[in-house]
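# Predicted model and sequence follow; I will ask about them next.
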Amino acid sequence: MIHRIIVPDGESPKEYAVLVTDRRSIFIRLERTRRSFVLRGEMRYGTALVTDVRPKSLVDYEHSSLESLTADSANLEIPHEALVSLAMGTEEPEFRLRDLFVWLTMRKQGEMFQVYNFEMIYRRKPSHETAMKFYLVPLGAYFKPRRQTKSREIILREYALDALKAFRMAIPFDVVSS
């Protein structure tokens, strides 16, 4: 299970947890916890700006069947046989004047905030491909304890590699690339 990803959207980014099974990936819509501008900032910098939210785990979903999760219209189901490609990439945020405080913080810490993302291309219909990009942004409950001993860059890389590992275990290697 990937505890948190953010999918950009025109109106407001959406937060999901991803349950990766052997046959499909289920994107479980999470309760909205932040305003749109905060979520957009988290996508730009790859880290949770609000740290009081606890991540959901498999225990939270043990009383839910996979069918009930896929029946919910807020959730997305992507069968692995429909996947064309899944690629992990990185983005370094561009400097913007309104991000001066964050830029100064990065500078003071001597680190760049590396943002990891996935681009998933899949077929809903035989002739129609859909692309979805999502950003790997760990919650503060994941990030804060690790920050005591690791750099921001290492924590974000480990979170991204854990997500990549989850997908690689379930999806054929010719579909997944890093």
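Cool, the structure landed.
# Local confidence estimate at the residue sitting furthest away from the middle of the chain?
In the chain, counting by Cα atoms, centre = their mean, S127 sits farthest out from the average C-alpha position, at 27.3 Å. Note on S127: pLDDT of 83.
# The longest strand along the chain pairs with which strands, and in what direction?
Counting residues, the longest strand found in the chain (DSSP state E) is strand 115-125. Within its sheet, strand 115-125 is paired with strand 83-91 (antiparallel), strand 128-136 (antiparallel), according to DSSP bridges.
# what number of residues lie near the residue nearest to M132 when sequence neighbours are not counted?
The spatial neighbour of M132 that comes closest, neighbours along the chain excluded (Cβ to Cβ, 6 or more residues apart in numbering), is M120 at 4.9 Å. Where C-beta positions appear, they are placed from N, C-alpha and C, glycine not excepted. For M120, the neighbour count with other Cβ atoms under 10 Å is 21.
# Can you give me the separation between M120 and K133?
8 Å (Cβ to Cβ, to the nearest Å).
# Tell me what the residue nearest to M132 is bridged to.
M120 forms beta bridges with L86, M132, as assigned by DSSP bridges.
# pretty sure it is touching L83, no?
Yes: between M120 and L83 there is a contact at 6.9 Å, judged by Cβ atoms under 8 Å.
# which stretches of this protein form strands?
Counting by DSSP E, the chain has strands at residues 2-7, 14-20, 24-29, 76-79, 83-91, 115-125, 128-136, 176-177.
# Quick one, which of these gets closest to R44.
strand 115-125 (6.6 Å; Cβ to Cβ).
# List the residue ranges of the chain that fall below the pLDDT cut-off.
Applying pLDDT under 70 to the chain flags the ranges 46-61, 93, 95, 112-113, 173, 175, 178.
# Please go through it and pick out the longest helix.
If you go by DSSP state H, the chain has its longest helix at helix 152-170.
# by contact count, what packs against it?
Where contact means 3 or more Cβ pairs under 8 Å, 6 or more residues apart in numbering; DSSP states H and E, helix 152-170 is packed against strand 2-7, strand 14-20, strand 83-91, strand 115-125, strand 128-136, helix 140-147, strand 176-177.
# if we can go back for a sec, OK, contacts around the residue nearest to M132?
By Cβ atoms under 8 Å, 6 or more residues apart in numbering, the residues touching M120 are I78, L83, S85, L86, A131, M132, K133, F134.
# Show me how to select, in PyMOL, the buried members of these.
Per 16 or more other Cβ atoms under 10 Å, the buried members of those correspond to this PyMOL selection:
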select buried, resi 78+83+86+134
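# how much space between M120 and R35?
The gap separating M120 from R35 is 26 Å, by Cβ to Cβ.
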